[in-house]
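**Q** Have a look; sequence and predicted model below, questions after that.
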Amino acid sequence: MGGSTNALPIVSKIFCSSSLTSLMVRKRPHVVHGGGFVVTDCSQNVAFVVDGCGTLGAKGELMLKDGDGEPILFIRRKGGIVQALSTRNKWNGYSMEYEGANKLIFSLTDPKSCLAMKKAIRIRVDPKGHNRDLEFEVNGSFVDKACTIRDCRGNVVAQVEVNELIGSKDFYYVVVQPGYDQAFVVGVIAILDNIHGESTRC
């Protein structure tokens, strides 16, 4: 993918590109590898794979892998009594370290009540070397494949778009702006997919 000089690495700078990147998401049937989805680049090479609970064996858990099948992020929905009483669900994304010690990379909160549904989905990141948290926001409709991830300044990070020519809900595009971390973006898309009961949900 190539690193960018103006990169904003969240998972890793190797997932940041200096050019606009269009990724295609293809949902896997639930009967094949337990669901999830595959992400390819413009050359049809596999860039990322997301496994859902059909593969991992637990609800509220997702795994993001690179094109070679190496785990990058482990994503889990937070549980417990405090979470059960909250008006929002919280998801945590952890890096997969070689020594087995997972490090928290980002947290995403989404509204789980009808009253809070119109509120934006928020993502908080505390990357290495930054003194303050970075925040992102998801706006629009993921179900309609028409939503945008923006940074705290309102800049577009990535957009989810449907291709009318394909005519299938099993394919859609994620367009990532230059310098932004594609693995982070796909991790967010994986959570949105699960929240809305799509390919990663059992």
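**A** That came in fine, so what should we check first?

**Q** contacts and neighbour counts: CA atoms only from here.
**A** Will do.

**Q** Lowest-scoring secondary structure element of this protein by mean pLDDT?
**A** Ranking every helix and strand in the chain by mean pLDDT, DSSP states H and E puts helix 81-85 at the bottom, with a mean of 47.

**Q** contacts for stretch 169-185?
**A** 3-13, 15-27, 48, 72, 145, 156-163 (C-alpha atoms under 8 Å, 6 or more residues apart in numbering).

**Q** What's the biggest helix in this structure, counting residues?
**A** For the chain, the helix reaching the highest residue count under DSSP state H is reported as helix 182-195.

**Q** ok, for residue 137, nearest residue in space, not its chain neighbours?
**A** Setting aside the residues directly before and after it, residue 137 is nearest to residue 122 in space (C-alpha to C-alpha, 6 or more residues apart in numbering), at 4.6 Å.

**Q** Report the separation between the residue lying closest to residue 188 once chain neighbours are set aside and residue 143.
**A** Among residues not flanking residue 188 along the chain, residue 108 sits closest, at 8.0 Å (C-alpha to C-alpha, 6+ apart). Separation of residue 108 from residue 143 (C-alpha to C-alpha, to the nearest Å): 18 Å.

**Q** who's more crowded, those two?
**A** Between residue 108 and residue 143, counted using other C-alpha atoms under 10 Å, the more crowded position is residue 108 (23 against 13).

**Q** Buried residues of the helix or strand where that one lies, list them for me.
**A** Taking DSSP states H and E as the criterion, residue 108 maps to strand 103-111. The neighbour-count check on strand 103-111 (16 or more other C-alpha atoms under 10 Å) flags 104-111 as buried.

**Q** list the helices and strands the next helix-or-strand element following it packs on?
**A** Scanning forward in sequence from strand 103-111 by DSSP H and E, the next helix or strand is strand 121-125. Contacts defined by 3 or more C-alpha pairs under 8 Å, 6 or more residues apart in numbering; DSSP states H and E place strand 121-125 against strand 103-111, strand 134-141.

**Q** Paired strands for strand 121-125, with orientation please.
**A** The strands beside strand 121-125 in its sheet (DSSP bridges) come out as strand 103-111 (antiparallel), strand 134-141 (antiparallel).

**Q** contacts for the last one?
**A** With C-alpha under 8 Å, 6+ apart as the contact definition, strand 134-141 has outside contacts at 120-127, 146-152.

**Q** what about stretch 153-164, distance to the chain center?
**A** 13 Å (C-alpha atoms, centre = their mean, to the nearest Å).
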